[in-house]
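S.K.: coords below, sequence missing:
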């Protein structure tokens with residue numbers, strides 16, 4: 001009979017990740033993430049485009065590209081007050097201007113890792129079945145889950161490793177693979193082509 005792997009069999013070690021403390025500033029976060037992304041960026045353990053955020057020795061969350069971009073998203077589009085202007089939450093027409101990107105990057109330097117991270121709201125034990133990680137990832141809309149052994153964080157299981165397990169079980173060599181052979185003409189979308 002086939003024996004399923006456990007979380008500990010497919011997890012990545014914490015040493016495979018770059019990390020920042022929860023109080024790290026935006027500049028430190030971006031610099032660390034750049035080391036994970038840029039080939040030859042000085043990262044000897046590059047496994048991901050994500051850095052771990054730790055607090056009191058625990059994996060508190062994750063920061064990837066989405067979280068960095070979310071930190072510079074124009075806040076005035078979300079409602080509230082921006083540079084002395086009160087903006088209605090229902091304001092549906094986004095307004096962008098030259099220099100806004102630079103302004104938002106500079107303003108984000110006041111943020112800390114704990115402010116922008118995707119919190120680690122779920123963890124699994126190294127001896128747990130793989131399906132528990134699938135549950136946690138789908139329930140909490142995340143692709144990374146901390147792995148604990150004897151109460152200590154020891155690794156991370158990613159959706160990538162889980163997908164490889166799915167693939168090992170159900171993919172076939174003879175299945176067709178499709179590609180888009182020709183891009184749609186400019187101005188046409190799938191909806192307008194119907």
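M.R.: That came through fine. Since the model is a prediction, treat every value here as computed from it, not as a measurement.
S.K.: can we go C-alpha only for contacts and neighbour counts from here?
M.R.: OK.
S.K.: For my notes, confirm residue 106 occurs in a helix.
M.R.: Yes - membership of residue 106 in a helix is supported by DSSP: H, G, I helix; E, B strand; the rest coil.
S.K.: Could you check how far it is from residue 163?
M.R.: In this structure, residue 106 and residue 163 are 38 Å apart, going by CA to CA, to the nearest Å.
S.K.: ok, now residue 32?
M.R.: In terms of CA to CA, residue 32 sits 27 Å off from residue 163.
S.K.: okay, these two: which has more neighbours?
M.R.: The residue with the greater number of neighbours, taking residue 32 and residue 163 and applying other CA atoms under 10 Å, is residue 32; the counts read 19 against 12.
S.K.: Please work out the average pLDDT along the helix or strand encompassing that one.
M.R.: Per DSSP states H and E, residue 32 falls inside helix 26-37. Regarding helix 26-37, the rounded mean pLDDT is 92.
S.K.: Heading C-terminal from that helix, find the next helix or strand.
M.R.: Heading C-terminal from helix 26-37 (DSSP H and E), you reach strand 50-55.
S.K.: the inter-axis angle of that next one versus helix 26-37?
M.R.: Strand 50-55 and helix 26-37 are oriented at 140 degrees to each other (axes from the mean of the first three to the mean of the last three CA atoms, to 10 degrees).
S.K.: Heading C-terminal from strand 50-55, find the next helix or strand.
M.R.: Past strand 50-55, further along toward the C-terminus, the next helix or strand under DSSP H and E is strand 58-64.
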